[in-house]
Each structure stands twice: as C-alpha cells, then as structure tokens.
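S.K.: my questions are about this predicted structure, shown below with the sequence.
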Amino acid sequence: MGFKHNNVLHANHFRKDWQRRVRTWFDQPGSKVRRRQARKTKAAALGVRPLTLLRPAVRAPTVRYNRKLREGRGFTFAELKEAGIGRKEARGVGIVVDHRRRNLSEEGKSLNIERLKAYKAKLIVFPRKASKPKKGDSTGDDLKAPTTRINSALPPLLTAEAPRKITEDERSFEAAKALRDAKFRARHEGQRKLRAAKREEEEANKKK
C-alpha cells in the first residue's frame, strides 16, 4: 500500500479477539435433515389433501408480459357463483378466494370457470366420520377412487397447428399496410360519422 501527500499514517489495530466472535454454521446439515423430516411428517398428517391450493389462471400485467399466463391470487366471487361453489365452501376445499379481483374479460372468466368445474369434478371430500357423512362429502365408490395430490396445470397458451403450405392470399397480404389503414380508419372515424350525419341532414332539408 503506497502513501501519498502529507496525510496521517494509518494506525491499524490487529489486537481484536476476532476468533471469539466468528459465527459458525456447523449445524447446517443437521438442520437440513430436520426440515425435510418435518415436511414429510406434515405431508403425512395432511393425508390426501392437495399439496398446493387451487388458484386462477390470469394474464400478467402490462403490454410487455400480458401474453403470459400465470397463477393469480384467488378466484372472484363471480367465477365461484358461475361454477356453483360457495365462498366459505371454496376455502374449505382448497380454493383460494380474492374479494378484490375483478373480471375484465369474458375469455378469462370462462377459462377460470372451466378450471373450477374440472377441479370440482375430480374433488373427493372424505367425511370426518364415515358413518355420518355431511352434506357435500363424498360417498360410495368415490371414496375408493384413485387420488392424486397434484393440482390442475395451467391451460396451454396456444393450440398447436399442423404444418401446412402458405396460401396465395397469405403470401400477397401486406400486414404493415393493413395495420396502417386500420389505424387511419379508426383515427378519422368520428369525422366520417359527422360528415355522414351532416349529409343526411342536408338531404332531409332539400326534400322539405
């Protein structure tokens, strides 16, 4: 280390008993094993309950990411009502409810309604007492059906299309020009309507 200019010389202190203050982490492997055993015990206590709660399929916000489909916080009241599931019942069978979310499109709403209906069709509710099943509990052969703890996956974004030849109409289509014309028409739609209304009014006055 070099010294420059007329500054005070360093007075380094190397007499600190740092070895007493070192933080060790020798219990890390044992803690890892204990956490794993605790997870295993908890999973066994839960029985055949799904590992994760059912959440809706939503679009990510902003124009940059709205092509992506991901899991949202919870289902809306409207989606639960269409699927025939009560608010309190939903929380008891592993469905998350979000009272703040609103449905902004029919496509998203119908997608989540189908998701709820598919979950409800596969759902098996074991009664607390086999001799006294309550309303909504599964009975008979449903209790002997094979079970899975994995929740429904998100639906695919796009359906795969079989390869085919490009048609002449598609080859001659000019996308940039079509977009420009559509933008121009949308921009001047109001003025076009005003001119048409004015023309109709003038024709009506001439007839009089």
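M.R.: Alright, I've got the coordinates.

S.K.: for the rest of this, base every contact and every neighbour count on C-alpha atoms.
M.R.: OK.

S.K.: may I have the beta-bridge partners of the residue nearest the centre of the chain?
M.R.: The centre of the chain sits closest to residue 71, judged by Cα atoms, centre = their mean, with a distance of 1.9 Å. Note on residue 71: beta-bridge partners residue 57, judged by DSSP bridges.

S.K.: name the helix or strand of this structure that has the lowest mean pLDDT.
M.R.: helix 87-92 (a mean of 89; mean pLDDT, DSSP states H and E).

S.K.: buried stuff in that one?
M.R.: 87, 90 (16 or more other Cα atoms under 10 Å).

S.K.: who's in contact with it?
M.R.: Under the criterion Cα atoms under 8 Å, 6 or more residues apart in numbering, residues 77, 80, 96-97 lie in contact with helix 87-92.

S.K.: try 7 Å this time
M.R.: Applying Cα atoms under 7 Å, 6 or more residues apart in numbering, the contact partners of helix 87-92 are residue 96.

S.K.: start at 297, not 1
M.R.: Got it, first residue is 297 now, which makes that one helix 383-388.

S.K.: can I get it in CSV, CA atoms only?
M.R.: Provided in CSV are the C-alpha atoms of helix 383-388 (Å, rounded to 0.1, in the frame of the first residue of the first chain):
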residue,chain,number,x,y,z
ARG,A,383,-67.4,-18.7,-0.8
LYS,A,384,-67.0,-20.5,2.5
GLU,A,385,-67.1,-23.9,0.9
ALA,A,386,-64.3,-22.9,-1.5
ARG,A,387,-61.9,-22.1,1.3
GLY,A,388,-62.7,-25.4,2.9
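
S.K.: model confidence over the helix or strand just after it, on average?
M.R.: Downstream of helix 383-388, the next assigned helix or strand under DSSP states H and E is helix 402-418. The pLDDT scores in helix 402-418 average 93.

S.K.: which residues touch helix 402-418?
M.R.: Contact with helix 402-418 is made by 352-353, 375, 378-379, 399, as judged by Cα under 7 Å, 6+ apart.

S.K.: sorry, back to before: could you check how far the residue nearest to the centre of the chain is from residue 403?
M.R.: Computed as Cα to Cα, to the nearest Å, the residue 367 to residue 403 distance reads 16 Å.

S.K.: distance of the residue nearest to the centre of the chain from residue 332?
M.R.: For residue 367, the distance to residue 332 - Cα to Cα - is 26 Å.

S.K.: farthest pair within the contacts of helix 402-418?
M.R.: The span of the contacts of helix 402-418, defined through Cα to Cα, is set by 353 and 378 at 16.0 Å.

S.K.: more neighbours, those two?
M.R.: Remark: of residue 353 and residue 378, residue 353 carries more neighbours, 21 against 15, as counted by other Cα atoms under 10 Å.

S.K.: doesn't residue 370 make contact with that one?
M.R.: No - contact criterion Cα atoms under 7 Å: residue 353 and residue 370 do not qualify, at 9.1 Å.

S.K.: how close does the residue nearest to the centre of the chain sit to residue 317?
M.R.: Distance of residue 367 to residue 317, computed by Cα to Cα: 45 Å.

S.K.: what of residue 433?
M.R.: Residue 433 is 59 Å from residue 317, where distance means Cα to Cα.

S.K.: equivalent analysis for residue 483, please.
M.R.: Shown here: residue 483 relative to residue 317, a distance of 71 Å by Cα to Cα.
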